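S.K.: what follows is a predicted structure for the sequence shown.
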Amino acid sequence: MRRRAAAACLVWLALAAVAELHAQSPSPGPWVPIGSRLDRLTLWVIADGGLSTVDALTRPFRLAALRNAAQKQDTTVLAAAGRQAFRWLMAELEGVADSTAIVAEFGGEAWRNGRRDSFRGGGSAGSGPEGGIWLGLTRGPFVGVFNPAFDNRLKDDPEFTGKKDRAIAGRLQSGYVALTGERGDLIFGRMSHAWGPDLFDGLQVSPSAYASDMLEGTLREGRFALTTMAQRLDDDDTTLSVPVNRYFFAHRLSVRLASRTWLAVTETGIYGGPGRGFEPAFLSPVNPAVLSEFNEGKSVDVLWGAAMHAPLGRRISFDGELMVDDIQIERDTLTGHTRPWSGGYTAVLRGSLPGLPIHAAAGYTMVRSLTYRNSFDPGDTYDLIGVGLARNFSDYDQALVRLEMWASPRILVGMDVSYLRQGSGDFRNPFPADSVLALPGQGFLVAPVQHSAAVRATMTLEPRNGVAMTGELGARQRPGGTSAIAGIQITLRFDALHHHWGAAFPAVEGTAVR
């Protein structure tokens with residue numbers, strides 16, 4: 001009882017502190033859904049050299065942070081195309097100015113591959129209806145969002161592990177309550193998160209596994225932001241006769257080094273065991289988990305990472321992310337060899353043309369074979385019901401070139417060219433014996449290796465207010481032959497509060513183009 005009372009006191013003190021800090025800031029509003037028009041416009045303006053105080057490596061964006069950055073934006077530093085995109089962004093921010101939002105959306109879609117990442121196979125083809133509701137409420141420092149949706153594409157998506165044997169598939173896309181202010185946030189519920197360059201999934205936190213409930217807190221002071229996450233995962237009952245409780249945590253320190261330059265250091269981990277619960281040693285963002293592992297004997301699989309966004313010119317920028325899972329420091333005298341290191345990295349160069357609304361990006365990402373698992377505890381894999389919490393694949397690399405043109409407020413077209421190599425390593429499989437790792441080539445692209453090249457065109461079109469069409473068309477070449485990339489999504493969006501077609505908040509997540 002004393003522990004519960006102490007915990008309740010701490011929670012109420014945190015709530016009171018956030019409420020007090022809110023007095024210094026305007027109405028915050030919900031977080032911006034990843035993949036929404038406002039999210040994509042924000043990334044576009046950042047690539048044009050604007051919104052220097054917004055961290056492009058940490059999404060979803062805080063609506064209050066976008067408003068603050070937009071109000072302070074000096075449009076004279078933007079080229080003509082950048083100023084045009086900034087005007088579209090300001091119009092979108094005006095569309096989400098109300099403290100209450102009620103949006104209804106319905107439509108239909110067809111897909112060649114139910115998987116969200118159309119550069120990979122594995123999903124079945126199909127078609128079906130979709131629809132959803134977005135309810136958002138902001139009262140002072142309090143924010144609440146309720147966003148259920150039905151989407152039959154989920155039935156053909158191998159990364160969706162929910163109910164698939166019903167006529168209609170659906171899920172709660174977002175649903176959270178939050179206290180938020182200028183100096184910090186306290187959030188409980190679910191929303192998609194992405195840490196790292198937007199051209200690829202994050203190496204430690206990403207929307208790869210559909211969002212589930214977690215507790216999240218952030219403290220901000222000047223150029224610094226410190227974030228911690230805690231999440232209960234599914235039980236692992238395959239290695240022992242009793243269920244093994246599993247938990248995920250994430251810590252992130254983000255620093256704005258200079259205008260448009262951001263650096264973030266990140267620590268994430270998986271821990272668990274029979275009867276094991278949340279442990280304060282792994283919840284505190286100022287206590288490195290590796291110290292608790294070494295000095296207190298706590299079992300945990302820790303990943304360390306760093307990410308940077310830096311301008312190389314007015315309209316050229318570099319995004320990078322590095323993640324280390326394991327490096328062998330001491331040589332094992334019994335096996336007489338050094339275990340290959342595990343981890344990965346991402347590098348992206350992005351540029352925009354000053355006179356035309358055209359952006360180009362070229363990126364490369366790599367994840368080594370032994371990443372997201374360890375040899376000490378088979379249950380400490382980075383997954384939620386078999387789907388990766390960061391990347392859903394290991395032992396692969398991918399090069400991707402993207403060209404986009406935002407021709408008008410209602411038309412966005414793009415072209416992607418991808419080359420992907422996938423080895424036979426899989427973090428869902430047991431960690432291999434050290435004797436196997438003594439063989440050449442076991443650290444990356446373990447044989448046999450599959451190669452695939454793909455090209456696709458994408459388009460987002462809004463022919464009139466409230467009507468949106470998104471589609472993709474292309475082909476993927478692999479050793480077994482060529483397969484088509486095709487998908488289309490048509491939705492009607494209605495603002496039930498203002499009784500008109502069209503709304504800024506999407507009630508159904510976009511799936512034809514991730």
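M.R.: Received, thanks.
S.K.: now do the helices in the stretch 301-450 of the chain.
M.R.: Remark: helices assigned in the stretch 301-450 of the chain by DSSP state H, counting those that start in this stretch are 434-437.
S.K.: got any ranges where it has weak pLDDT?
M.R.: Residues of the stretch 301-450 of the chain that meet the criterion pLDDT under 70 lie in 328-338, 378, 434-440.
S.K.: would you map the strands across it?
M.R.: Applying DSSP state E, counting those that start in this stretch to the stretch 301-450 of the chain gives strands spanning 301-311, 316-326, 342-352, 358-367, 383-384, 387-388, 396-408, 411-422, 450-464.
S.K.: for residue 174, list each beta-bridge partner.
M.R.: Beta-bridge partners of residue 174, counted by DSSP bridges, are residue 147.
S.K.: surely it meets residue 211?
M.R.: Yes. Using C-beta atoms under 8 Å, residue 174 is in contact with residue 211, at 6.9 Å. Placement of C-beta: from N, CA and C, glycine included.
S.K.: neighbour-wise, which of the two wins?
M.R.: Just comparing residue 174 and residue 211: by other C-beta atoms under 10 Å the higher neighbour count belongs to residue 174, 25 against 20.
S.K.: what sits against that one?
M.R.: 33, 145, 146, 147, 189, 190, 191, 192, 211 (C-beta atoms under 8 Å, 6 or more residues apart in numbering).
S.K.: those residues: which two are farthest apart?
M.R.: 146 and 192 (15.4 Å; C-beta to C-beta).
S.K.: more crowded one of these two?
M.R.: Neighbour count, other C-beta under 10 Å: between residue 146 and residue 192, residue 192 has more, with 20 against 16.
S.K.: Three-state assignment for that one, please.
M.R.: Following DSSP: H, G, I helix; E, B strand; the rest coil, we place residue 192 in the coil state.
S.K.: OK, contacts around it?
M.R.: 33, 34, 60, 174, 207, 210, 211.
S.K.: counting neighbours, what do you get for the closest residue to residue 259 other than its chain neighbours?
M.R.: Counting by C-beta to C-beta, 6 or more residues apart in numbering, residue 52 is the residue found nearest to residue 259 once chain neighbours are left out, at 4.5 Å. Neighbour count for residue 52, taken as other C-beta under 10 Å: 18.
S.K.: same question, residue 500
M.R.: 11.
S.K.: how about stretch 264-281: buried residues?
M.R.: 264, 266, 267, 268, 269, 270, 271, 272, 273, 279, 281 (16 or more other C-beta atoms under 10 Å).
S.K.: returning to that earlier point: so where does the residue nearest to residue 259 fall, helix or strand?
M.R.: Using DSSP states H and E, residue 52 is not contained in any helix or strand.
S.K.: also residue 483?
M.R.: Counting by DSSP H and E, residue 483 is part of strand 481-495.
S.K.: send me that strand as PDB with only the CA atoms.
M.R.: Below are the C-alpha coordinates for strand 481-495, written out as PDB (Å, rounded to 0.1, in the frame of the first residue of the first chain):
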ATOM      1  CA  GLY A 481      10.700 -13.500 -61.700                       C
ATOM      2  CA  THR A 482       9.100 -10.200 -61.800                       C
ATOM      3  CA  SER A 483       6.100  -9.200 -59.700                       C
ATOM      4  CA  ALA A 484       3.900  -6.100 -60.000                       C
ATOM      5  CA  ILE A 485       3.700  -3.300 -57.400                       C
ATOM      6  CA  ALA A 486       0.200  -1.900 -57.400                       C
ATOM      7  CA  GLY A 487      -2.100  -0.300 -54.900                       C
ATOM      8  CA  ILE A 488      -4.800   2.400 -54.800                       C
ATOM      9  CA  GLN A 489      -6.700   4.000 -51.900                       C
ATOM     10  CA  ILE A 490      -9.700   6.300 -52.300                       C
ATOM     11  CA  THR A 491     -11.100   8.000 -49.200                       C
ATOM     12  CA  LEU A 492     -13.800  10.500 -48.400                       C
ATOM     13  CA  ARG A 493     -13.100  12.600 -45.300                       C
ATOM     14  CA  PHE A 494     -15.800  14.600 -43.500                       C
ATOM     15  CA  ASP A 495     -15.400  17.200 -40.700                       C
END
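S.K.: list the strands paired with the helix or strand that that strand is followed by, with their directions.
M.R.: Downstream of strand 481-495, the next assigned helix or strand under DSSP H and E is strand 500-501. Strand pairing for strand 500-501, using DSSP bridges, gives strand 481-495 (antiparallel).
S.K.: just give me the neighbour total for residue 316.
M.R.: Neighbour number of residue 316 under other C-beta under 10 Å is 14.
S.K.: for the spatially closest residue to it that is not a sequence neighbour, list each beta-bridge partner.
M.R.: Excluding the flanking residues, the one nearest residue 316 by C-beta to C-beta, 6+ apart is residue 351, at 4.6 Å. Per DSSP bridges, the residues bridged to residue 351 are residue 316, residue 360.
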